[in-house]
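Peer 1: Got a sequence here, can you model it:
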Amino acid sequence: MKYQTVQLKNYSKGRSAPVSCIVFHYTAGNTLESAINGLNANKASSHYIIDTDGTIIQTVNESDRAWHAGDSTWNGTSYVNSFSIGIEIVNFGYGAADESGLYRNYTLTSGTGTTMLMKETTNLEPVKPLDHRPETSTYSWAKFPYVQAASAFLLAYDIASRHSIGIESIIGHEHISPGRKLDPGPAFRDIWLGLYDYFELFGPIVGNDKTVNKAVQSHCARMGFKVGDIDGVWGKNTQNAVEQVWDTYAERYRFSKTKIVIDNNVTRDNLKGNAQSIAQLFKLIPGFDNKTR
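Peer 2: Residues are numbered from 1 along each chain as shown. Below you'll find the model as predicted:
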């Protein structure tokens, strides 16, 4: 694929490790111009930016290290910048909502020392969180337009196919820096779900039970449910997270909250030890008919 290019200022030449994951961010702003200016001003960068109209701009070569992750860990390895591709999506992020839409208040101090209360707004449709994030209960999140989502699918698939990255390693900033970052946030859930549809072309996750467990944990984390470490160990946190995904997205997966799903061994109350079936259920591996699931 070919993309428009704008070179950002802040990045490191070369890499110390091969690319093994893709990290999505939102820009917390409304325009491509503000995204580029903000990244340059804050000594940060990403490899790509997706504008609100779906335009994809490459801003750092994939062979170089963009400065997008900061203090971060994924799959037990720190300094995620060294082995990731960063994608910024132009999006307002979160704010309070009134009749005019989403807004955030902030203070601005002039050169004379005068402090003013400012209001930043967006006309993007607000989305209420459905997941565990209590810190956002008083906020709504700006929706990602369909054309942006479509570009995210295409770009992620293009990058992942060239670097042999599985769906379990396409993640958000909030997953590599939990507690420090919130992006891309609850409104991104439709893009996560769409990616699973798109990535069915990849075929099954290959590996042992621990690999499949990691894929399930990663899926639950992306959907906004706490799993703790992505370590491949099916513990209490993983069990709870899978149950929450099951209950919250039953309609999406087209199954009853209590009914047997795939075979006689997997029910809502009998999930542990069935990671392969759960991965199949969550579209992480194929094995069922889309039309009848």
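Peer 1: what residue ranges in the stretch 101-250 of the chain are flagged as low confidence?
Peer 2: 101, 106-119, 123-124, 126-138, 193, 196-208, 249-250 (pLDDT under 70).
Peer 1: ends of stretch 176-187, how far apart?
Peer 2: 18 Å (Cα to Cα, to the nearest Å).
Peer 1: Flag every buried residue along it.
Peer 2: Within stretch 176-187, the residues scored as buried using 16 or more other Cβ atoms under 10 Å are I176, S177, K181, L182, D183, P184, G185, P186, A187. For every residue, glycine as well, the C-beta is placed using N, CA and C.
Peer 1: Out of the residues you listed, which comes closest to I165?
Peer 2: I176 (14.4 Å; Cβ to Cβ).
Peer 1: excluding its backbone neighbours, what's nearest that closest one?
Peer 2: Take I176 and drop its neighbours on the chain: the residue closest to it by Cβ to Cβ, 6 or more residues apart in numbering is S72, 4.0 Å away.
Peer 1: Dump the longest helix anywhere in the chain to CSV, restricted to CA.
Peer 2: When the chain is parsed with DSSP state H, its longest helix is helix 146-163. Extracted in CSV, the C-alpha atoms of helix 146-163 (Å, rounded to 0.1, in the frame of the first residue of the first chain):
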residue,chain,number,x,y,z
TYR,A,146,-16.6,4.6,9.7
VAL,A,147,-14.1,5.7,7.1
GLN,A,148,-11.4,6.0,9.8
ALA,A,149,-12.3,2.5,11.0
ALA,A,150,-12.0,1.1,7.5
SER,A,151,-8.5,2.7,7.1
ALA,A,152,-7.5,1.3,10.5
PHE,A,153,-8.4,-2.2,9.3
LEU,A,154,-6.5,-1.9,6.0
LEU,A,155,-3.5,-0.4,7.6
ALA,A,156,-3.3,-2.9,10.5
TYR,A,157,-3.7,-5.8,8.1
ASP,A,158,-1.0,-4.4,5.7
ILE,A,159,1.5,-3.9,8.6
ALA,A,160,0.6,-7.2,10.3
SER,A,161,0.9,-9.3,7.1
ARG,A,162,4.4,-7.8,6.3
HIS,A,163,5.7,-8.3,9.9
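Peer 1: ok, the helix or strand just after it: who's next to it in the sheet?
Peer 2: Sequence-wise, the next helix or strand downstream of helix 146-163 (DSSP states H and E) is strand 170-172. Using DSSP bridges, strand 170-172 pairs in its sheet with strand 21-26 (parallel).
Peer 1: what does the strand it pairs with rub up against?
Peer 2: Contact partners of strand 21-26, identified using Cβ atoms under 8 Å, 6 or more residues apart in numbering, comprise 46, 68-69, 74-75, 80, 83-93, 152, 156, 159-160, 165, 169-173, 176, 183-185, 188, 191.
Peer 1: switch to 7 Å and redo it
Peer 2: 46, 68-69, 74, 80, 83-89, 91, 93, 156, 159-160, 165, 169-173, 176, 183-185, 188 (Cβ atoms under 7 Å, 6 or more residues apart in numbering).
Peer 1: Past that strand, which element shows up next along the chain?
Peer 2: As assigned by DSSP H and E, the chain's next helix or strand after strand 21-26 is helix 32-41.
Peer 1: Let me know the angle separating that following helix from strand 21-26.
Peer 2: 120 degrees (axes from the mean of the first three to the mean of the last three Cα atoms, to 10 degrees).
Peer 1: CA atoms only: put helix 32-41 into CSV for me.
Peer 2: Extracted C-alpha coordinates of helix 32-41, given in CSV (Å, rounded to 0.1, in the frame of the first residue of the first chain):
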residue,chain,number,x,y,z
LEU,A,32,-4.5,16.4,11.4
GLU,A,33,-2.7,19.7,11.7
SER,A,34,-3.1,19.8,15.5
ALA,A,35,-1.9,16.2,15.7
ILE,A,36,1.3,16.9,13.7
ASN,A,37,2.0,20.1,15.6
GLY,A,38,1.3,18.4,19.0
LEU,A,39,3.6,15.5,18.3
ASN,A,40,6.4,17.8,17.1
ALA,A,41,6.0,20.1,20.1
